[in-house]
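Student: Build me a model:
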Amino acid sequence: MTSRSIAQCGLCCALLACSAWVTIPFGPVPFTLQTPAVALVPQVLGRREAVFTVAAYLVLGAIGLPVFSGFQGGIGVLAGPTGGFLWGFLVGMVPAATIMGISRMPRAAAAGLGCAALLLISYALGTLQIMFMGGMELPAALAVAVLPFVVPDIVKLIAACALARAVNHALAASNVARS
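Tutor: Below you'll find the predicted structure:
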């Protein structure tokens, strides 16, 4: 990794932390700005850097830095009821970044499919963990952990795609200016 890509990973990791701090309590799963931030990562970084960024974010949180929602940190958050959503960000980053790397696919289509894959995997792992930790059945877990968030998350993903286009344009312009 180049020093430039390391810096970009660090900035994206900081963005993930800051977006988690914007929290509105909403039952067992808080409403945060993490969804657009995590959706931005595979669109502006390469596959390896995107996965590294989310893994670094989770490690920082696991060792106790307050990078998760509600200024929380520690392994207990990852092992707690909502930790599956965080694990889902890492697992979902692999297909999302892979899809973004398909050069023959139109960029907007790749962004939409990548975001959808990331969100669905996060929902699946988050739902499974909240079911296990909360002793819930699937319908109850979906009712508290997924259904209230679907429409707002789709809106946030659309915003993330628009922001990613602007960021990528600015990065391309800075590369031209440096040449």
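Student: okay, CA-based contacts and neighbour counts for the rest of this
Tutor: Noted.
Student: How about the residue minimising distance to the centre of the chain, nearest residue that isn't a chain neighbour?
Tutor: When the chain is reduced to its mean C-alpha position, the nearest residue by CA atoms, centre = their mean turns out to be residue 38, at 2.4 Å. Once flanking residues are discounted, residue 38 sits nearest to residue 16: 6.5 Å by CA to CA, 6 or more residues apart in numbering.
Student: Figure out the helix or strand that residue 92 lives in.
Tutor: helix 83-100 (DSSP states H and E).
Student: got it, and residue 129?
Tutor: Here residue 129 is assigned to helix 107-134, by DSSP H and E.
Student: and the next element down the chain from that helix?
Tutor: Assigned by DSSP H and E, the successor of helix 107-134 is helix 138-145.
Student: how about the very next helix or strand once past that following helix: buried residues?
Tutor: The first helix or strand that comes after helix 138-145 along the chain, using DSSP H and E, is helix 150-178. Residues of helix 150-178 classed as buried: 153, 154, 156, 157, 158, 160, 161, 163, 164, 165 (neighbour count, 16 or more other CA atoms under 10 Å).
Student: quick one: helix 150-178 to helix 107-134, angle?
Tutor: In terms of direction (axes from the mean of the first three to the mean of the last three CA atoms, to 10 degrees), helix 150-178 departs from helix 107-134 by 130 degrees.
Student: Poorly predicted segments of this structure, please.
Tutor: 176-179 (pLDDT under 70).
Student: outside of the host helix or strand of residue 35, which residues touch it?
Tutor: Assigned by DSSP H and E, residue 35 falls within helix 34-44. Helix 34-44 is contacted by residues 12, 15-16, 19-20, 50, 89, 93, 96-97, 100, 111, 114-115, 118-119, 153, 156-157, 159-161, 163-164, 167-168 when judged by CA atoms under 8 Å, 6 or more residues apart in numbering.
Student: repeat for stretch 117-132
Tutor: Against stretch 117-132 from outside (CA under 8 Å, 6+ apart): 35, 39, 80-89, 91-93, 95-96, 136-138, 141-142, 145-146.
Student: follow-up on the earlier one: got the buried residues for whichever helix or strand comes after the helix holding residue 35?
Tutor: Sequence-wise, the next helix or strand downstream of helix 34-44 (DSSP H and E) is helix 47-62. For helix 47-62, the neighbour count (16+ other CA under 10 Å) marks 47, 49-62 as buried.
Student: again with stretch 137-146
Tutor: Judged by neighbour count using 16+ other CA under 10 Å, the buried positions of stretch 137-146 are 141, 142, 144, 145, 146.
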